[in-house]
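**Q** Sequence first, then the predicted structure:
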Amino acid sequence: MPLLPSDGPLPDDAAHPDASADPSRAARDLLLAGLERFSPDVHPGAEQRTGTRTGSTTRDPDPTLVAVDATDRLLLDEAASALAAAGPGEVVVIDDRFGALTLGAAVAHGLTGIRVHQDAVTGEVALDRNAREAARRAFQGVDATFTHLPLGEDLLRGARVVLLQLPRSLAALRDVAEHVARFAAPDVVVLAGGRIKHMTTAMNDVLAESFTDVRASLARQKSRVLVARGPRPGTDLTYPVTEHLADLDLDVVAHGAAFAGASLDLGTRFLLGFLDRVSPGARDAVDLGCGTGILAVSFARARQGAAVVATDQSEAAVRSAHATAVAASVGDRVRVVRDDVGSSLADRSADVVLCNPPFHQGAALSTDAAHRMFAAAGRVLRPGGELWTVYNSHLRYRPALERAVGPTTQEGRDPRFTVTRSVAR
């Protein structure tokens, strides 16, 4: 049975055009209309806690993304019959950004035991917060309809319906598809949605590696859904992969969704050339947005007395960085933490922060993450501590670094990247 609002009839403006014939659809649309973009609050003095998810949250003003988009709605519509036939614990949602898929499925179809995997910790925080708000507002009990799990057998065992927001990375998609084909029920159906401008036929090919039947839905509002059935028996898992970087004499381990995979991205390569200029007295270091952990591990190997904290919001990155540190025999000195821009780290706890910030959020170009990382560095650095940053030169981050951290000098520049050193006030 659908989970209908507990505080009276639906308002007319919340209903879908055919809501009179489908109250569960109207309830779903009412819930979706109330979802917001929440992200962890990392301002100085914000409530914090350690673990896999941060505690305090705030509404995220970034206008480049919305809490519910056309892809979410199309996925829920395309999956409606499969969701209606699913039993408790038979639905899995992967990379739900702010809770639209999980909560929409729970409300429209009365589902419980939904298993959810979100690579980004910010997605987990947003889902939890939106669920609590929805339960408080009208949908009593909706916050108890799902459980967070890592990508693996426990997430997918016996699953019959999998909803997925398509990742941009083919490696991330392959990792998910292989896990579903290996561990889900034989009659599982995967519905993977995305914006058409970000979809390629290569995504169909990747799904076809693990499933015998892959088709595309009709497009609606510039979105489309790929539907995969028939998991191939004996599907093996490709990830994690390990690549030896000869110029660094380093084995890099990468899970599918880790940025740049097991390779060395050009920005990190450029910043590595400046590690010997970091203050020789630095003992407590942070790699902010660590990816596969190359910067953290390289610093730990270069400074035998240093302790390094490597942080990232991505579960795939955290698992990769830990494995890379262990492979390099510095796992005892590199502590890997999954949080949002260092939100679990104490104020004034670091002598040096290393940072190669992204300039995108999902598929959207955005410098918001970089500015939040600069603010986090300013918070965690001790007075006189150093932030070493590499970024695309056209972004001209130096004034922002001055404001967030302290006096900033350019230490190096090539045709594409700039490296700066900021000294904390």
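**A** Great, that's in hand.
**Q** would you list every one of the helices in the stretch 251-400 of the chain?
**A** 266-272, 294-302, 315-327, 368-380, 398-404 (DSSP state H, counting those that start in this stretch).
**Q** again, but for the stretch 51-200 of the chain
**A** Counting by DSSP H, counting those that start in this stretch, the helices of the stretch 51-200 of the chain are 70-78, 80-85, 100-109, 121-137, 153-156, 170-183.
**Q** I'd like to know which of the ones you listed lies nearest to Val162.
**A** helix 170-183 (5.5 Å; Cβ to Cβ). Placement of C-beta: from N, CA and C, glycine included.
**Q** Going by neighbour count, which residues of that closest one are buried?
**A** Buried residues in helix 170-183, counted by 16 or more other Cβ atoms under 10 Å: 171-183.
**Q** Point out the other helices and strands that it packs with.
**A** helix 153-156, strand 189-195, helix 201-210, strand 223-231 (3 or more Cβ pairs under 8 Å, 6 or more residues apart in numbering; DSSP states H and E).
**Q** Return the per-residue confidence for the nearest residue to Val66 once chain neighbours are set aside.
**A** In space, and not counting its chain neighbours, Val66 is closest to Arg37: 7.0 Å by Cβ to Cβ, 6 or more residues apart in numbering. pLDDT for Arg37: 81.
**Q** quick revisit: in JSON lines: the helices and strands packed on helix 170-183, plus mean pLDDT, distance to Asp276 and mean neighbour count.
**A** Output for these, formatted as JSON lines (pLDDT from 0 to 100; distance: least, Cβ to Cβ, whole Å; neighbours: other Cβ atoms under 10 Å):
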{"stretch": "helix 153-156", "mean pLDDT": "98", "distance to Asp276": "43", "mean neighbour count": "18"}
{"stretch": "strand 189-195", "mean pLDDT": "98", "distance to Asp276": "43", "mean neighbour count": "24"}
{"stretch": "helix 201-210", "mean pLDDT": "98", "distance to Asp276": "41", "mean neighbour count": "17"}
{"stretch": "strand 223-231", "mean pLDDT": "98", "distance to Asp276": "48", "mean neighbour count": "21"}
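**Q** In TSV, list those along with distance to Asp247.
**A** Formatted as TSV, these follow (distance: least, Cβ to Cβ, whole Å):
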stretch	distance to Asp247
helix 153-156	37
strand 189-195	36
helix 201-210	30
strand 223-231	39
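**Q** for these, which one sits closest to Ala27?
**A** strand 189-195 (20.7 Å).
**Q** With only the CA atoms kept, save the closest one in PDB.
**A** Backbone C-alpha positions of strand 189-195 (Å, rounded to 0.1, in the frame of the first residue of the first chain) are rendered in PDB as follows:
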ATOM      1  CA  VAL A 189      15.600  -5.300 -13.700                       C
ATOM      2  CA  VAL A 190      17.900  -2.300 -13.700                       C
ATOM      3  CA  LEU A 191      16.600   1.100 -14.600                       C
ATOM      4  CA  ALA A 192      19.400   3.600 -15.100                       C
ATOM      5  CA  GLY A 193      18.400   7.200 -15.800                       C
ATOM      6  CA  GLY A 194      20.300  10.300 -17.000                       C
ATOM      7  CA  ARG A 195      20.200  13.500 -18.900                       C
END
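**Q** Contacts for it, please.
**A** With contacts defined as Cβ atoms under 8 Å, 6 or more residues apart in numbering, strand 189-195 is touched by 69-72, 74-75, 78-79, 82, 160-166, 173, 177, 180, 203, 207, 211, 222-229, 363.
**Q** For stretch 301-320, what is the distance to the chain centroid?
**A** Centre-to-centre, stretch 301-320 and its host chain are 17 Å apart (Cα atoms, centre = their mean, to the nearest Å).
**Q** so where's the longest strand in this structure?
**A** Longest strand in the chain by number of residues, with DSSP state E as the criterion: strand 381-392.
**Q** Test my guess that Thr268 contacts Asn356.
**A** Yes - Thr268 lies in contact with Asn356 (Cβ atoms under 8 Å); the separation is 5.4 Å.
**Q** between the two, what contacts are shared?
**A** By Cβ under 8 Å, 6+ apart, Thr268 and Asn356 have these common neighbours: 291, 295, 390.
**Q** Let me have those in TSV, extended by pLDDT, neighbour count and distance to Ser320.
**A** Shown next, in TSV, are the shared contacts of Thr268 and Asn356 (pLDDT from 0 to 100; neighbours: other Cβ atoms under 10 Å; distance: Cβ to Cβ, whole Å):
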residue	pLDDT	neighbour count	distance to Ser320
Gly291	97	27	7
Leu295	98	27	13
Val390	98	26	20
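**Q** Quick check: Ala108 touching Arg25?
**A** Yes - when contacts are counted by Cβ under 8 Å, Ala108 is listed as touching Arg25 (6.5 Å).
**Q** neighbour-wise, which of those two wins?
**A** For Ala108 versus Arg25, neighbours defined as other Cβ atoms under 10 Å are more numerous around Ala108 (27 against 20).
**Q** if I pick the more buried one, what's in contact with it?
**A** 2, 24-25, 27-28, 76, 80, 83.
**Q** Mind doing that once more with 7 Å?
**A** Ala108 makes contacts with 2, 24-25, 27-28, 76, as judged by Cβ atoms under 7 Å, 6 or more residues apart in numbering.
**Q** now Arg160
**A** With Cβ under 7 Å, 6+ apart, Arg160 has these contacts: 86, 90, 185, 187-188.
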